[in-house]
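[1] Let me see the structure of the following:
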Amino acid sequence: MIVYFQDKYLIFSRVASSPEAFVLSADALGEQQRAKILKIFETHNTIELLTETPEATFARFAEEFAQIEAAGGLVRHERDGAVLMIYRNERWDLPKGHVEPGEELAVAALREVEEETGVQAQIGPRLCETWHAYYFPLTERWELKRTHWFRMTASEAVLMPQTEEGIAQVEWVSLEQLDERLAQSYPTIRSVFQAE
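    Residues are numbered from 1 along each chain as shown. Okay, the predicted model is just below:
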């Protein structure tokens, strides 16, 4: 399991697998886990937290965050396979957003795609989940967002960026442009494409 902190990775694992990672035993982490992880991230981009029980260790770590549920889509154009992407905060991203109380994940994913891009998509199978940790200044708290990703398809639509959410641009990205856009994206977004 991986938790992304912007461009940094916290990997919960039974055995070390990344040669460039800072390797840390879960037993050595002790209390105030988030603070210790953030301190290590000052000098390292990847941390492997070794434990015999990755799921249980992750659950204890997650207790230090407000839990956020989100859903989104990797939307491909029916005609040529181009990918619907948004440009926000100087990065290329995929449309996604918070799940409303009582809302089904697939419904939330479709709603967020339409709100952020103006595109009405058709839902496909679930692709994966990603975990992203960040400090949210408006609430003055650390949040841990689990995003549920779905494969989707769509046809022609008027693209309308949701500017009030900071989206500057919406674009159908051709297969030829995709690698360039992904290089200007987040690791979480690249992992969604790897799951496809």
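[2] if you go through the protein in chain order, where are the helices?
    For the chain, applying DSSP state H gives helices covering 26-29, 33-41, 54-62, 105-117, 178-183, 187-195.
[3] can you list the domains in the protein?
    What automatic domain parsing lists as the domains of the chain is 2-62, 69-186.
[4] Please compute how far the longest one lies from its chain's middle.
    Spelled out, it's domain 69-186. With C-alpha atoms, centre = their mean, to the nearest Å as the basis, domain 69-186 stands 9 Å off its chain's centre.
[5] just the first one next, same as before
    Put simply, domain 2-62 sits 17 Å off its chain's centre (C-alpha atoms, centre = their mean).
[6] Any idea how far apart the tips of that domain sit?
    12 Å (C-alpha to C-alpha, to the nearest Å).
[7] picking that back up, out of the domains of the chain, deepest packed?
    domain 69-186 (a mean of 17; mean count of other C-beta atoms under 10 Å). For glycine as for every other residue, the C-beta is placed from the backbone atoms N, C-alpha and C.
[8] and residue 91, bridged to which residues?
    Beta-bridge pairing of residue 91 under DSSP bridges involves residue 88.
[9] Return the residues in contact with it.
    By C-beta atoms under 8 Å, 6 or more residues apart in numbering, the contact list for residue 91 reads 184, 185, 186.
[10] now do residue 46
    Contacts of residue 46 were listed using C-beta under 8 Å, 6+ apart, and they are 8, 9, 11, 18, 20, 21, 22.
[11] residues contacting the fourth one?
    Think residue 18. So residue 18 contacts 11, 46, 48 (C-beta under 8 Å, 6+ apart).
[12] beta partners of the last one?
    Translated: residue 48. residue 11, residue 23.
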